[in-house]
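Participant: pasted the sequence and its predicted model underneath.
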Amino acid sequence: MSLLISNIGSLVTNDPALGEGPLGLLADAAVVVDGERIAWVGPAAAAPAADEHADAGGRALLPGFVDSHSHLLFAGDRTAEFNARMSGRAYSAGGIRTTVAATRAAPDAELNANLTRYLAEMLHQGTTTVEVKSGYGLSTEDEARALRIAAGHTAETTYLGAHVVAPEYADDPAGYVELVTGEMLAACAPYARWVDVFCERGAFDGDQARAVLTAGKAAGLLPRVHANQLGHGPGVQLAVELGAASADHCTHLTDADVAALADGDTVATLLPGAEFSTRAPYPDGRRLLDAGAALALSTDCNPGSSFTSSMPFCVAVAVREMGLTPDEAVHAATAGGALALRRTDVGRIAPGARADLHLLDAPSHVHLAYRPGVPLTAAVWQGGVRRV
Ligand SMILES: [Zn+2]
């Protein structure tokens, strides 16, 4: 069954060969979907016939958001911690252990129901591809369980046993790294595509992070890194050196870190929800773009430091606080996220790509930043199926 979407006022293709500028913008456009793929993109006047027809009403159509960094496998919430922090208490990584206790105690059905609910929240805001990390189990059994549940919903699953040192190993971090790189990795690898590590003071240092990522690679997983969020550190350089797809956060960067990202293949993934929710300084997206680094934007959705599932919110904050233009922010939230997941089939609207489409109740993608906090999602197709 094919579908013609016509009367698209403004189409973001993210393919410079199809339209104007880096977003490949086309006015008065049409898209033909065949099954789960895009079959044709071009001017509405030249559109071929299809089995079904949808009228975009002159509104903007863009690729579904690619949210390349989330922590959706958890139970409980941290309302009290957030409230305390907003009342003057500093954030530390230790709060993760609160969620670990709640997650371990939750039955599979509860974790699955939570994940289903947050993915639906994301879909209703235009997000069609989501990466989901483990990291609130911190035991072999609980980490493998989290990834098994996540793998039922997305192909982009990330083993984050090295989120923080498990409470049982508080006095033996080396023993925990041994577990994460040994028995736990073996149990998790069948359900994961990626391996990640929280390389930060209070979590894992450069040597420990290297051990985790190297072991993950040897088990067939692809690396990505939580790097340079709370302070300067070795995370970004390590990510580039090991060929990680993405270095995430990138809030505190030296000139050498920026140069490494600009020269390497590692995407800098910025997570403005984390700085927003911890009242921390934002990363300098402008500096990274001007240096030539590739950028992605993501929610970092998690119950502790960034409990937003909204990519439109991240786009708006990136424009207001991180020096990105609206075009750059939308690109980072779609094509950038795809690059951070090494995907070429999502994050763009071009023949052969997956038909993951986001119709805005607005005439332009710029409205995502221009109208912050306003629900603008009019329709969402995922793999050619109308979901919203
Ligand atoms: Zn994270």
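Facilitator: Done, it's in.

Participant: contacts and neighbour counts: CA atoms only from here.
Facilitator: Noted.

Participant: now do stretch 161-172: distance from first to last residue.
Facilitator: 15 Å (C-alpha to C-alpha, to the nearest Å).

Participant: buried residues in it, which are they?
Facilitator: Buried residues in stretch 161-172, counted by 16 or more other C-alpha atoms under 10 Å: G161, A162, H163, V164, V165, A166, P167.

Participant: quick one: the longest helix anywhere in the chain to chain centroid distance?
Facilitator: Taking DSSP state H as the criterion, the chain has its longest helix at helix 108-123. What separates the centre of helix 108-123 from the centre of its chain is 16 Å, taken as C-alpha atoms, centre = their mean, to the nearest Å.

Participant: against which helices or strands is that helix packed?
Facilitator: Secondary-structure packing of helix 108-123 (3 or more C-alpha pairs under 8 Å, 6 or more residues apart in numbering; DSSP states H and E): helix 140-151.

Participant: next, the angle from the longest helix of the chain to helix 140-151.
Facilitator: Between helix 108-123 and helix 140-151, the angle formed by their directions is 40 degrees, by axes from the mean of the first three to the mean of the last three C-alpha atoms, to 10 degrees.

Participant: contacting residues around helix 108-123?
Facilitator: The contact list for helix 108-123, computed with C-alpha atoms under 8 Å, 6 or more residues apart in numbering, reads 72-75, 103, 128, 130, 145-146, 149-150, 153, 309-311, 380, 387-388.

Participant: that older thread, a markdown table for the buried residues of stretch 161-172, including pLDDT?
Facilitator: Listed next are the buried residues of stretch 161-172 as a markdown table, based on pLDDT from 0 to 100:
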| residue | pLDDT |
| --- | --- |
| G161 | 98 |
| A162 | 98 |
| H163 | 96 |
| V164 | 94 |
| V165 | 96 |
| A166 | 96 |
| P167 | 95 |
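
Participant: and which of those residues is nearest A186?
Facilitator: Closest approach to A186 among those (C-alpha to C-alpha): G161, at 11.5 Å.

Participant: now do the SS call for that closest one.
Facilitator: With DSSP: H, G, I helix; E, B strand; the rest coil as the basis, G161 sits in strand.

Participant: look up how far A329 lies from the residue lying closest to it once chain neighbours are set aside.
Facilitator: Among residues not flanking G161 along the chain, G135 sits closest, at 5.1 Å (C-alpha to C-alpha, 6 or more residues apart in numbering). As defined by C-alpha to C-alpha, G135 lies at a distance of 28 Å from A329.

Participant: comparing those two, which residue is more hemmed in?
Facilitator: In terms of neighbours (other C-alpha atoms under 10 Å), G135 is the more surrounded of G135 and A329; the figures are 30 against 27.

Participant: that one belongs to a strand?
Facilitator: No. Assignment of G135 by three-state DSSP gives coil, placing it outside any strand.

Participant: so what's it up against?
Facilitator: Counted by C-alpha under 8 Å, 6+ apart, G135 has contacts H71, E143, Y159, L160, G161, A162, H163, V164.

Participant: go ahead and confirm the third one touches A187.
Facilitator: I take that to be Y159. No. Using C-alpha atoms under 8 Å, Y159 is not in contact with A187, being 10.3 Å away.

Participant: neighbour count: those two, which is higher?
Facilitator: Set Y159 next to A187 and count neighbours by other C-alpha under 10 Å: Y159 wins out with 31 against 17.

Participant: what comes into contact with stretch 9-20?
Facilitator: Residues external to stretch 9-20 that are found in contact with it (C-alpha under 8 Å, 6+ apart): 22-29, 41-42, 56-63, 331, 335, 347-350, 363-365.

Participant: show me these that map onto strands.
Facilitator: Filtering these for membership in strands, criterion DSSP state E, returns L26, A27, D28, A29, V41, G42, A60, L61, L62, P63.

Participant: closest to M1 among those residues?
Facilitator: Using C-alpha to C-alpha, these come closest to M1 at V41, 16.9 Å.

Participant: give me the neighbour count for the closest one.
Facilitator: Look at V41: counted by other C-alpha under 10 Å, it has 23 neighbours.

Participant: give the contact list for the closest residue to it other than its chain neighbours.
Facilitator: Nearest non-adjacent residue to V41, counting by C-alpha to C-alpha, 6+ apart: V31, 4.6 Å away. V31 makes contacts with L4, I5, S6, I38, A39, W40, V41, G42, A47, as judged by C-alpha under 8 Å, 6+ apart.

Participant: I'm done for today, thanks for sticking with me.
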